[in-house]
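# just need the structure, nothing else, for what follows:
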Amino acid sequence: MSSGNVEDRIQRLEQKVRQLEEVARSDGNAVPWWERIAGAFKGDEVYAAAMKLGAEMRKADQLQESAE
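Here you go, the predicted structure:
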């Protein structure tokens, strides 16, 4: 690999890093993703049933672990 080729690749990488840093800084005041989706399933019966089943599974696992 020629040194010119390596230098070109390094320059492109440095430019990409600068672009990524700009994006990261510009999103600093953005609302976090978990706040944007909070409440999205409010009143959803299927979601509520899934959460209930998950809780039952966790409870059953805990009971099984404590019995061992």
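# kindly provide the distance from residue 46 to residue 39.
Here the criterion is C-beta to C-beta, to the nearest Å. By it, residue 46 lies 16 Å from residue 39. Every C-beta, even on glycine, is put in place using the N, C-alpha and C of the backbone.
# equivalent analysis for residue 21, please.
According to C-beta to C-beta, residue 21 and residue 39 sit 33 Å apart.
# what does residue 57 give?
24 Å.
# return the helix or strand in this protein with minimum mean pLDDT.
helix 33-37 (a mean of 88; mean pLDDT, DSSP states H and E).
# what's it packed up against?
Contact partners of helix 33-37 among helices and strands, from 3 or more C-beta pairs under 8 Å, 6 or more residues apart in numbering; DSSP states H and E: none.
# centre of the chain to it, how far?
11 Å (C-alpha atoms, centre = their mean, to the nearest Å).
# what does the helix or strand following that helix rub up against?
Where DSSP states H and E defines the elements, the next helix or strand beyond helix 33-37 is helix 45-67. By C-beta atoms under 8 Å, 6 or more residues apart in numbering, the list of residues contacting helix 45-67 from outside reads residue 41.
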